[in-house]
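Okay, predicted coordinates and the sequence, questions at the end:
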Protein chains: 2
Amino acid sequence: MNYKVITISREFGSGGRTIGRKVAQELNIPCYDSELIQKIATESGFSPEYIQEASEYSPSGFLSAAFSNRAFGPSNEDYLWNLQYKVIQDLASQGPCVIVGRCADFILKDTTECLKVFVHASLKFRSKRILEVYGQREQSIEQRIKDKDKRRSAYHRFYTNMKWGHAQNYDICLDSGRLGINCCVQTIIHLYNNNEQPQ
Amino acid sequence: MNYKVITISREFGSGGRTIGRKVAQELNIPCYDSELIQKIATESGFSPEYIQEASEYSPSGFLSAAFSNRAFGPSNEDYLWNLQYKVIQDLASQGPCVIVGRCADFILKDTTECLKVFVHASLKFRSKRILEVYGQREQSIEQRIKDKDKRRSAYHRFYTNMKWGHAQNYDICLDSGRLGINCCVQTIIHLYNNNEQPQ
């Protein structure tokens, strides 16, 4: 099977974004991650910070807002979701690429041949990595992991009705802590280049 | 990381058993599947049919029995679980091998370096494969899949307290329908031979 697009969903701190960047680099195709936020910001007029906050990275408030103001018509979050949907479909239609996060697996499920990847790791591995990559913050690392995963999971569930992290939703799930970041990169590339036709 | 044992959990009809056999063949190591039932039968005095019925393959009754007769002390199922535990630990201590099913990932988690694999596939793929491999039965294929998955999941949950099919419980999860059986085999071998040390 030939895949055109690789989508990467990931637990916070698992290295999913790094894996996406490395895969794209080795395959010489674009990787969309923070570029997506920038693109949605340009098209919507909202600031990149607001967009980041209004989706999976929200430190607080997004979900309650999403549930409360919907009674008065589509919320800002719904508007951004529709825009995100359009931006991701446009990018995928332009050719092979890697898309990190933002429910791209769900958004592309009916239109594009995707290799759907989920990257996860133990709390211990993620805590160590978060400290190295993002440094210490006021909130404890365990609490940051818990908050971010909870929000990503709830956001994903709200807009896609799919369970985040359920093996059945992905073509491949990888434990980056157990396998190593580079091994995950090589495995994804191996699968991307796999030409076997499923029965 | 060097793995000594590969454990394969799988949805009914996903081809997990076939994948296990092929991996073992290519790595030239033993594969334990129905051999486990035979070994437990020999050591327990129960018939292989009873053992098969008393665990994941039970067509009916096992779970209700497991819950009902426990009040009077360990049930036959508990006795078989303990024996299965011992048999799997013994086999793993003898050297590299592939073990299919039987909660081997959980049983070996503290004693053996395992590559923990979960194989799944869509209902459509599994239905087609079950018809080819096992043929038509009185019960509809959809019902057979539903029953077997339910029992495997409940058995796993009962004895391990882990959620079956949750990506976080495995090193790698593969969709055999999307990737193809041979691609899954090659991916597992690639990981088994991976020497990267996780950070």
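Received it, and whenever you're ready, just let me know what you need.

where in chain A is pLDDT low?
Within chain A, the stretches with pLDDT under 70 are A:1-2, A:55-74, A:195-199.

Pull the contacting residues for the residue nearest the centre of it.
The centre of chain A sits closest to residue A:101, judged by C-alpha atoms, centre = their mean, with a distance of 1.1 Å. Residues near residue A:101 by C-beta atoms under 8 Å, 6 or more residues apart in numbering or on different chains: A:8, A:9, A:10, A:16, A:17, A:33, A:56, A:152. Yep, even glycine has a C-beta here, placed from its N, CA and C like the rest.

Residue A:148 versus that one, what's the distance?
Counting by C-beta to C-beta, to the nearest Å, the gap from residue A:101 to residue A:148 is 11 Å.

my read is residue A:99 is in a strand, agree?
Yes. Per DSSP: H, G, I helix; E, B strand; the rest coil, residue A:99 lies within a strand segment.

thought it was touching residue A:4?
No. At 11.1 Å, residue A:99 does not count as touching residue A:4 under the criterion of C-beta atoms under 8 Å.

So between the two, which is more surrounded?
residue A:99 (28 against 16; other C-beta atoms under 10 Å in any protein chain shown).

what are the phi and psi angles of the residue nearest to the centre of chain A?
Here is the backbone geometry of residue A:101 (degrees, to the nearest 10): phi 70, psi -160.

And for residue A:108?
Here is the backbone geometry of residue A:108 (degrees, to the nearest 10): phi -100, psi 0.

That one: how many residues sit nearby?
Counted with other C-beta under 10 Å, the neighbours of residue A:108 add up to 22.

hey, where'd the helices end up in chain A?
A:16-27, A:34-44, A:48-54, A:62-68, A:76-93, A:104-107, A:123-134, A:141-160, A:176-179, A:181-192 (DSSP state H).

With residue B:90 as the reference, name the closest of those helices.
When the helices of chain A are compared by C-beta to C-beta, helix A:176-179 sits nearest residue B:90, at 24.7 Å.

if we can go back for a sec, spatially, which two of the contacts of residue A:101 are the most separated?
Checking the contacts of residue A:101 with C-beta to C-beta, the most distant pair is A:33 and A:152, at 13.9 Å.

neighbour-wise, which of these two wins?
residue A:152 (22 against 17).

The more buried one contacts residue A:160, correct?
No. Counting by C-beta under 8 Å, residue A:152 stays clear of residue A:160, with 11.6 Å between them.

Does residue A:118 touch residue A:163 like I think?
No. Assessed by C-beta under 8 Å, residue A:118 is found out of contact with residue A:163, at 11.1 Å.

Pull up the overlap in contacts between these two.
Taking C-beta under 8 Å, 6+ apart as the criterion, residue A:118 and residue A:163 both touch residue A:169.

the more surrounded of those two?
Comparing residue A:118 with residue A:163 by other C-beta under 10 Å, the one with more neighbours is residue A:118, at 25 against 13.

and the contacts of residue A:101, which are buried?
A:8, A:9, A:10, A:16, A:17, A:33, A:56, A:152 (16 or more other C-beta atoms under 10 Å in any protein chain shown).

list the contacts for the closest residue to residue A:167 other than its chain neighbours?
In space, and not counting its chain neighbours, residue A:167 is closest to residue B:173: 3.8 Å by C-beta to C-beta, 6 or more residues apart in numbering or on different chains. Counting by C-beta under 8 Å, 6+ apart, residue B:173 touches A:118, A:167, A:170, A:172, A:173, B:117, B:118, B:119, B:120, B:167.

shared neighbours of residue A:99 and residue A:4, which are they?
Shared contacts of residue A:99 and residue A:4 (C-beta under 8 Å, 6+ apart): residue A:92.

What residues does residue A:109 make contact with?
Counting by C-beta under 8 Å, 6+ apart, there are no residues that residue A:109 touches.

Quick check on it: phi, psi?
Dihedral pair for residue A:109: phi -60, psi -30, per degrees, to the nearest 10.

that older thread, take the helices of chain A and lay them out in CSV including distance to residue B:83.
Shown next, in CSV, are the helices of chain A (distance: least, C-beta to C-beta, whole Å):
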stretch, distance to residue B:83
helix A:16-27, 41
helix A:34-44, 54
helix A:48-54, 54
helix A:62-68, 48
helix A:76-93, 52
helix A:104-107, 42
helix A:123-134, 33
helix A:141-160, 38
helix A:176-179, 29
helix A:181-192, 36
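
and of these, who's closest to residue B:86?
helix A:176-179 (26.1 Å).

Give me the contact list for the closest one.
By C-beta under 8 Å, 6+ apart, helix A:176-179 touches A:14-16, A:19, A:119-122, A:124-126, A:184, A:187, B:1, B:171-172, B:191, B:194, B:196, B:198-199.

Just the buried subset of the residues you listed, written out for ChimeraX, thanks.
One line in ChimeraX is enough to select the buried ones among these; burial here means 16+ other C-beta under 10 Å:
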select /A:14,15,16,19,119,120,121,122,125,126,184,187 /B:1,171,172,191,194
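
So which bits of chain A are right by chain B?
A:1, A:118, A:120, A:125, A:128-129, A:165-168, A:170-175, A:177-183, A:186-187, A:190-191, A:194, A:196-199 (C-beta under 8 Å from any C-beta of the partner chain).

Make JSON lines from the contacts of residue A:101 and add distance to residue B:141 to it.
Shown next, in JSON lines, are the contacts of residue A:101 (distance: C-beta to C-beta, whole Å):
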{"residue": "A:8", "distance to residue B:141": "34"}
{"residue": "A:9", "distance to residue B:141": "31"}
{"residue": "A:10", "distance to residue B:141": "35"}
{"residue": "A:16", "distance to residue B:141": "36"}
{"residue": "A:17", "distance to residue B:141": "41"}
{"residue": "A:33", "distance to residue B:141": "42"}
{"residue": "A:56", "distance to residue B:141": "38"}
{"residue": "A:152", "distance to residue B:141": "35"}
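
Kind regards, and thank you for your time.
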